[in-house]
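K.L.:
Got a predicted model here, sequence first, then my questions.
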Amino acid sequence: MTDGWPEPVERVSAFLREAGAEARIEEFAAGTPTATDAARAIGCKPSRIVKSLVFECDGKPVLALVPGDRRADPAKVAAAVGATRAKVASPERVREMTGFEPGAVCPFPLPRIDDVLLERTLLGTDRVWVGAGSTRHMAGLSPGELVRLARAVPRDIAADD
């Protein structure tokens, strides 16, 4: 039972149940607001943490999922959705478009975002971790399950640095 979880985490948990997902939500006392914090709490490499970044692409919200040790390339994100420009959304827009606080964005369920892009290198691992609705909760799942649940399209969207 999940008594006492914050409402956004309950929302993620309900979505996972209804989707028949093979995923597990865990709570971390240390908090997981950044990819580095999350990797430390989980005991994994930052490359297994998935950052959920909201971009505004010609005014349209797009979610970019990138490994915790990489940055998203705004030009690649824009090109992937046929936009001319992409910029990181403000914290207010992140809340408005996702229903989650910045640093706690889960890539599902997101009824206000139609385009979800997944950095294709994430497909090369057996398990990844995504935000699950609060800065203390993460969900572990396979990259294939993440693609299915988030309706994500694998693309090259990470910066070449």
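P.N.:
Yes, it's here. Residues are numbered from 1 along each chain as shown.
K.L.:
only C-alpha atoms for contact and neighbour calcs from this point on.
P.N.:
Noted.
K.L.:
Could you look up the SS state of Ser134?
P.N.:
Applying DSSP: H, G, I helix; E, B strand; the rest coil to Ser134 yields a three-state assignment of coil.
K.L.:
leaving aside the residues next to it on the chain, what's closest to it?
P.N.:
With C-alpha to C-alpha, 6 or more residues apart in numbering as the criterion, Ser134 has its nearest non-adjacent residue at 4.6 Å, and that residue is Ala104.
K.L.:
Tell me the predicted confidence for that neighbour.
P.N.:
The confidence metric pLDDT takes the value 93 at Ala104.
K.L.:
Surely it touches Gly131?
P.N.:
Yes: counting by C-alpha atoms under 8 Å, Ala104 touches Gly131, with 5.2 Å between them.
K.L.:
shared neighbours, the two?
P.N.:
The contact sets of Ala104 and Gly131 overlap at His137 (C-alpha atoms under 8 Å, 6 or more residues apart in numbering).
K.L.:
A strand includes the residue nearest to Ser134, no?
P.N.:
No: with three-state DSSP as the criterion, Ala104 is located in coil rather than a strand.
K.L.:
list the contacts for it?
P.N.:
Counting by C-alpha under 8 Å, 6+ apart, the residues that Ala104 touches are 33, 131-135, 137.
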